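Visitor: Compute the structure for the input listed below.
(2 chains)
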Amino acid sequence: MKIEWQKAAVGRRRFLKGATALGAAAVLPMGFGNRALAAGDNTLRVRAYGDAQNMDPAHSVGVVEEEVHASIYNKLIQYKPGREWDWQLDAAGMIEQADPTHVKFALRDDIGFTNGFGAMTAEDVKFSFERIIADATESPNKPDMGSLSHVEVTGEREGTIVLKEPFAPLWSIALPYITGNIVSKAAVEAAGGRIGSDPVAESGPYLRSSWEPKSKTTLKRNPDWKGEAPAWDTIEILPIDDENTAEIAFEAGELDFTRVSLGSVERYRAEVPNGGTLLEYPSLYYAWLGMNLDHPKLQNQKLRQAIQHAIDVPMVLEAAYFGAVEPSTGIIAPGLAGNRPNTLVPPQADFEKAAALLAESGETNVTLKLDTLNKTTFTTAAQVIQATLAQIGITVEINVLESGAFWASGDNEDLQLVLNRYSMTPDPYYATSWFTTEQAGIWNWERFSNEEFDKIHIEASQLTDQAKRAEMYQRAQDLMEESGAYRFLTHEATPVVHSAGVTPALRPDGLALLRYFGKA
Amino acid sequence: MSKSRSELGQILHGVSRDPLGLMGLIIVGTILFCAIFAAWIVPYDPVGMNIKDRLQGPSAAHLLGTDQLGRDTFSRVIMGGQVALKVALPAVFGAMAIGLTLGMIAGYGPKWLDNLLMLFFDTIRSFPTVMFALAVVALIGPSLQTVVFVVMATSIPTYGRVARTQTLTLRNSEFILAERAMGASMKRILGVHMLPNIIGVLAVLAAMDIPTVIALEAGLSFLGLGVKPPTPSWGALLKDGYSLIRQTPWLVVGGGLPIILATLGFTFLGESLRDVVDPKLRKQR
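Guide: Numbering: from 1, shown residues only, chains lettered A, B, ... in the order given. Sure thing, here's the model as predicted:
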């Protein structure tokens, strides 16, 4: 059998025609595919940096899932949108602190669960909260519940939250955040005690109508919702990890709301495409340079102080964060109790003082290793620190690690310097909890150990006097800085953009409260 | 000596007669020239920061603009070439030397040694290169030496297998049998008679491997796991450029273009070399 090869019928003209058609097809979506808020569309399209995979608040891994949970479940109280941290009633019609260890609540009578699981009762609240602290649940969010003992049910919709000891973060973390979501006892028990990727019963103003893994989560208005009607019929949450991609999608009209990169802030300050608006919010995150106090090379306090004084924080922020963020004064951000007005070591470098401290330390030919995550922001900051420490004669070798290796550094005894960044919730208790002696070698990578600090961490969490709490947390950060193990850098920032037809509802740290998003 | 120079001349002449070969020769020659004389070519200190001048576009002062720390991108591209070749050349030629030696021993030695070495080659080849690289970097930390080691270790089996096959083909040829009958030592047979017949094929393979190694080094640096900052590298330039592409596209151009050119150049050169070294192939094409 003979096979005859024929010349493909693709001449120059045909090729040009095809290429032109392909080019036109590629361009079309930019001009005509502007889907976000198209005429008559009642769909809000927002970007999340990850995919919300788990509908169980007990096993929620953070903000991404909480954005969905907060829309499809109810809590006794929710964060209030605005620039200052506050809460507002949600499922609770009444809630009050009866005494330091007892909180009484009464539920509204108009909230019900889907799938025929009936009205929300105090039993559901008891089940939801006690489920979080039960060992059998193995909830990673158990610490957020602090000293919760149990919930007493005193009526169909009334109950009392009982604490083992006073716990101030109850009002700022436990109730309005992840652990505060109330699930249906009957529905969860019918599902065998666990909620997976599908909610077993919902009660919020929105229902999760579909989930396309890694592609889209769709929320639809709950037809049985009796509270204030949400503004949008549909909310589409698109998981987009990369901020550059999210910005391009926003500018193409594919998104109505997204966080943007700090490097783009200057451009958006000049103009936001499509008549959109840039909003700049502070962030609660905190980034710092840590020094391992247990490492033989860093035993000398004068050396550590020399390093503190030689790092020029404004220069680091200018290079790594494009000058779009402010220097921090510790681990507690502005707006929270305990934020310090100033650091003990000024943010600007003082090379003379640093050199003098280094001379006093008696250390010579100092060579240190600086571990950092393989993200451009951190490698850039590390290079500035390397350059500034070189000015006083300290040689720094940058050790870039991928995220798996980096986040396993807690028990790395050879760790010397580390450029680090932790997330945060709106209560100072959450920040100090990682730096106690108990956490040394786990999340306390500097192995900082101070009895007074440990005592403050416990006592301040039990105080309801905010002024006194603030004073104690400020002292705790003084102790951290005095140890010479920390050079605080920044709390970063949360710049977001939204399209013209949207009125966003955001927490004071710029995170979205989707159920409250309105129309302009 | 003059004979070998004449052979090299013939090869170069053969390559330069092929348009793609000539293009490859020019590109590779330019990359080598820039890498060798990088210190004299770069207009600025490639690690010298000037944050005030960061993320500038191309200008007469900065041909490819500046990066996020105000460093001259052109200078970093040129020095990045030096880093790429510092990884690629020792890794490829090191792997070739070890693979050649082990492959010839496997092909000429006793059966049990052949089996043992083949098992060794197959064991190494069973590791995916990038995963192996990530594991080694996680264990001993990123550095130029780590990248060279990883590339060398994963490339040895390729050269070893080719060398073994060539040796097996040659070991029963008449001129080798004659040498053995005259009592020539194994060292002489392998070094004087077999090596010149094998080295050409391996040289072609090496030329084709260099862009792969450059891409691997760039890939590791793109993941932030290649050479340590502030050492310039094409992969690191690409990584920073990707993060900052909305601010300036020139870092991506600066990091990407040399990788494309190096890949094209070494591939063209390698293919042309193959044709020249093995004229039978040329006839078949």
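Visitor: When you work out contacts or count neighbours from here on, use the C-alpha atoms and nothing else.
Guide: OK.
Visitor: For burial, what's the neighbour tally of whichever residue of the stretch 101-250 of chain B sits closest to chain A?
Guide: In the stretch 101-250 of chain B, the residue that lies nearest chain A is B:Gly224 (5.0 Å; C-alpha to the nearest C-alpha). Neighbour count of B:Gly224, defined by other C-alpha atoms under 10 Å in any protein chain shown: 25.
Visitor: swap in B:Ile11?
Guide: 17.
Visitor: Tell me which helix or strand it sits in.
Guide: Secondary-structure element containing B:Ile11, defined by DSSP states H and E: helix B:2-17.
Visitor: so where does the closest residue to A:Leu317 other than its chain neighbours fall, helix or strand?
Guide: Leaving out its chain neighbours, the residue that sits closest to A:Leu317 by C-alpha to C-alpha, 6 or more residues apart in numbering or on different chains is A:Gly323, at 5.6 Å. Assigned by DSSP H and E, A:Gly323 belongs to no helix or strand.
Visitor: Kindly report the same for A:Ala387.
Guide: Assigned by DSSP H and E, A:Ala387 falls in helix A:376-390.
Visitor: Which residue ranges of the chain form helices?
Guide: In the absence of a named chain, chain A is used. Along chain A, counting by DSSP state H, helices occupy A:12-32, A:63-72, A:122-133, A:185-190, A:243-251, A:265-270, A:301-310, A:313-321, A:351-361, A:376-390, A:403-406, A:428-432, A:451-461, A:466-482.
Visitor: Chain B was what I was after
Guide: Assigned by DSSP H, the helices in chain B fall at B:2-17, B:19-36, B:38-41, B:73-108, B:111-125, B:129-140, B:144-171, B:174-181, B:186-188, B:195-222, B:234-243, B:250-277, B:279-284.
Visitor: Would you tell me which one of those is buried the most?
Guide: Burial of the helices of chain B is given as mean neighbour count (mean count of other C-alpha atoms under 10 Å in any protein chain shown); helix B:234-243 ranks first at a mean of 26.
Visitor: dump the residue contacts of residue 137.
Guide: All of this is about chain A. By C-alpha atoms under 8 Å, 6 or more residues apart in numbering or on different chains, the contact list for A:Thr137 reads A:Ala58, A:Arg131.
Visitor: actually it's chain B I care about, not the one you picked
Guide: B:Thr146, B:Leu225.
Visitor: and A:Met424, how far is that from B:Ala97?
Guide: 54 Å (C-alpha to C-alpha, to the nearest Å).
Visitor: Could you do A:Ala349 as well?
Guide: Distance from A:Ala349 to B:Ala97, by C-alpha to C-alpha: 52 Å.
Visitor: Pull the distance from stretch B:169-178 to the chain's centre.
Guide: Mean-position distance between stretch B:169-178 and its chain equals 32 Å (C-alpha atoms, centre = their mean, to the nearest Å).
Visitor: Could you pull up the residues touching A:Lys220?
Guide: Contact analysis of A:Lys220 by C-alpha under 8 Å, 6+ apart lists A:Tyr206, A:Leu207, A:Arg208, A:Ser209, A:Asp233, A:Thr234, A:Ile235.
Visitor: Correction: the previous question concerned B:Leu8.
Guide: No contacts exist for B:Leu8 under C-alpha under 8 Å, 6+ apart.
Visitor: swap in A:Phe378?
Guide: Per C-alpha under 8 Å, 6+ apart, neighbours of A:Phe378: A:Ala320, A:Thr372, A:Leu419.
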